[in-house]
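Enquirer: Just need the structure, nothing else, for what follows:
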Amino acid sequence: MADYDVQYDKDSGDWSAKRAGAERAAGRYGTQAEAHDAARGFAERSGGGEVRDHRKDNNQIRNTDTVGKKDPYPPKG
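Expert: Just a heads-up that it's a prediction; the model follows:
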């Protein structure tokens, strides 16, 4: 399972979909909806996860979309 962040890049004016914790974007898109759909596809291919949409202006999380089932008993450690 992998989580993805959908964020706005002020320098390029693009929306990016990137794996949580990664430095490089998995893809750049013209709209937030396109980036969200792409991130959702990446999460589905990785077995599930969360897609977190960030606000354009202050980068706070606006909403979270869960893909697949969350493990009710995540491994400890």
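Enquirer: Which of the helices and strands in the chain ranks last by mean pLDDT?
Expert: Sorted by mean pLDDT, DSSP states H and E, the helices and strands of the chain end with strand 61-67, the least confident at a mean of 91.
Enquirer: what lines up beside it in the sheet?
Expert: strand 49-54 (antiparallel) (DSSP bridges).
Enquirer: And the strand it pairs with, how far out from the chain middle?
Expert: 4 Å (CA atoms, centre = their mean, to the nearest Å).
Enquirer: Numbering from 55 from now on, please.
Expert: Renumbered: residue one is now 55, and that last one reads strand 103-108.
Enquirer: Off-centre distance for the least confident helix or strand of the chain?
Expert: Using CA atoms, centre = their mean, the offset of strand 115-121 from its chain centre is 8 Å.
Enquirer: next one: stretch 59-71
Expert: On CA atoms, centre = their mean, the centre of stretch 59-71 falls 11 Å from that of its chain.
Enquirer: Just the buried residues of that stretch, please?
Expert: For stretch 59-71, burial by neighbour count (16 or more other CB atoms under 10 Å) applies to 59-62, 68-71. For every residue, glycine as well, the C-beta is placed using N, CA and C.
Enquirer: Figure out the length between the terminal residues of it.
Expert: Stretch 59-71 has its terminal residues 6 Å apart, counting by CA to CA, to the nearest Å.
Enquirer: Touching that stretch from outside, list them.
Expert: For stretch 59-71, contacts defined as CB atoms under 8 Å, 6 or more residues apart in numbering pick out 58, 72-74, 79-86, 88-90, 92-93, 96, 105-108, 110, 113.
Enquirer: Do a quick rundown of the helices in this structure.
Expert: 86-99 (DSSP state H).
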